[in-house]
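J.: following is a predicted model, sequence given first.
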Amino acid sequence: MSDSNNGLDIKLLGKDYRVACAPEEREGLSAAVAFLDAKLTDIGDKTRSTGERLAVMVALNIAHEFLSLKDASPEAMAALESESIQRRIDSIEAKLDAALGHHEQLF
């Protein structure tokens, strides 16, 4: 990953992407990229899925994990509401939107 003023060059599944990113968000976005790339690789290897299908499957898995934790206990809910975790969730959502948007442009 490399960065410049208001953007960050990232790599997911070996593909390069340029995303807008404020300097104070870079650490959170970098964590989100690592998390998402691991999920994409893991689920892609298990299901042999690629492209849009893989992105949707990963998004569903992340949403399921999020909702499971959210409903698990008051302690889990409090942890999810913390600023750093919320920033990571927002970064993941933004990256998924960017990846799906880029993929839609290919068609």
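T.: Arrived safely, thanks for sending.
J.: show me where pLDDT drops low in the protein?
T.: Scanning the chain for pLDDT under 70 picks out the ranges 1-5, 70-73, 76-81, 83-84, 102-107.
J.: just want the most central residue of it.
T.: Closest to where the C-alpha atoms of the chain average out (CA atoms, centre = their mean) is Ile92, at 2.9 Å.
J.: please, where are all the strands along the chain?
T.: 2-4, 7-12, 15-20 (DSSP state E).
J.: touching the second one from outside, list them.
T.: Put plainly, it is strand 7-12. If you take CB atoms under 8 Å, 6 or more residues apart in numbering as the criterion, strand 7-12 is touched by 1-3, 16-21, 26, 29-30, 33, 36-37, 40, 95, 99. To be clear about C-beta, it is placed using only N, CA and C from the backbone, and glycine gets the same treatment.
J.: isn't Asp37 right next to Gly14, touching?
T.: No - using CB atoms under 8 Å, Asp37 is not in contact with Gly14, being 9.3 Å away.
J.: out of these two, which sits in the busier spot?
T.: When Asp37 and Gly14 are compared for neighbours, Asp37 comes out ahead with 16 against 7, by other CB atoms under 10 Å.
J.: report the contact partners of that one.
T.: By CB under 8 Å, 6+ apart, the contact set of Asp37 is Lys11, Leu12, Leu13.
J.: cool, Met57 as well?
T.: Met57 neighbours (CB under 8 Å, 6+ apart): Ile43, Thr47, Ser49.
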